[in-house]
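A.B. asks: Give the three-dimensional model of this entry:
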Amino acid sequence: MEPLWLTPLEWEKVVVSINFLLPSYEATLIICKEKYPTINQALPLYILLIKRIQQESQQYDVAPIEPATNAMTDKLSKYLKISLCKKSVICVMFLNPCFKFKFFNSYDSTLTHFGTSPAHLRAIFEEDKRFHSEEANPADNNAEIPSTTTTNCQALYDEMYPTPSIEASTLESKIE
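C.D. replies: So this is what the prediction gives:
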């Protein structure tokens, strides 16, 4: 078998492709390092993958892979939008002892772009916690719980682009 010789231009394309696929590879390593990945990794992974893919697409001339870039960010944004509309996904983030709330604080502008904020996510968790603690203690069930949840989840996604650039290291270090 003869060795494959690439021109400098072809090597540059290889480097761009590798850099573009690196965030997906890192996400795969994070999810697959345990036998049973947990749902509490979903929100940080979606946020970081969207940001990293956008950064890579702005860093290089990615005209040949632009359709793939757009398709990936659209799909991940759809998953993020769905996740932000589910109390269960938000609550498991707060219930995980390894989760650091400062993750959401450091991505406040991204969450704002999706129509929410770290404070709003915490309020959803606190409301759910109150609801379940009152459910366990029927004597206090007369108190009305104020609603802090978003009624129109579409608003979380409507204004996706453009998003501010955030410096990213590895995905795993941002999540943990």
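A.B. asks: Tell me the spacing between Cys85 and Glu2.
C.D. replies: 54 Å (Cβ to Cβ, to the nearest Å). Glycine gets a C-beta too; all of them are placed from N, C-alpha and C.
A.B. asks: higher neighbour count, those two?
C.D. replies: Neighbour count, other Cβ atoms under 10 Å: between Cys85 and Glu2, Cys85 has more, with 17 against 4.
A.B. asks: Average pLDDT for the host helix or strand of Arg122, rounded please.
C.D. replies: Using DSSP states H and E, Arg122 maps to helix 118-136. When pLDDT is averaged over helix 118-136, the result is 78.
A.B. asks: For that helix, which helices and strands make contact with it?
C.D. replies: The contact analysis (3 or more Cβ pairs under 8 Å, 6 or more residues apart in numbering; DSSP states H and E) places helix 118-136 against helix 87-95, helix 102-106, helix 108-113.
A.B. asks: Relative to Ala27, how far out is Lys129?
C.D. replies: From Lys129 to Ala27 the distance is 30 Å (Cβ to Cβ).
A.B. asks: of the two, who's got more company?
C.D. replies: Ala27 (21 against 13).
A.B. asks: for this structure, which spans come out with low pLDDT?
C.D. replies: 1, 31, 33-38, 40, 61-62, 96-101, 135-176 (pLDDT under 70).
A.B. asks: Show me where it has its helices.
C.D. replies: The residue ranges that make up the helices of the chain, judged by DSSP state H, are 8-32, 42-59, 66-84, 87-95, 102-106, 108-113, 118-136, 171-175.
A.B. asks: for the second one, which positions count as buried?
C.D. replies: Read it as helix 42-59. 42-57 (16 or more other Cβ atoms under 10 Å).
A.B. asks: for these, which one is nearest Ala63?
C.D. replies: Among the buried residues of helix 42-59, Ser57 lies closest to Ala63 (Cβ to Cβ), at 10.0 Å.
A.B. asks: Identify the residues contacting that closest one.
C.D. replies: Residues near Ser57 by Cβ atoms under 8 Å, 6 or more residues apart in numbering: 20, 66, 69.
A.B. asks: Grab the nearest non-local neighbour of the first one.
C.D. replies: I take that to be Phe20. Nearest non-adjacent residue to Phe20, counting by Cβ to Cβ, 6 or more residues apart in numbering: Glu56, 4.9 Å away.
A.B. asks: and that neighbour, what does it touch?
C.D. replies: 19-20, 22-23, 62, 69.
A.B. asks: May I ask which of those residues has the most neighbours?
C.D. replies: With neighbours taken as other Cβ under 10 Å, the top of the contacts of Glu56 is Pro23, carrying 22 neighbours.
A.B. asks: most tightly surrounded among the helices of the chain?
C.D. replies: helix 42-59 (a mean of 21; mean count of other Cβ atoms under 10 Å).
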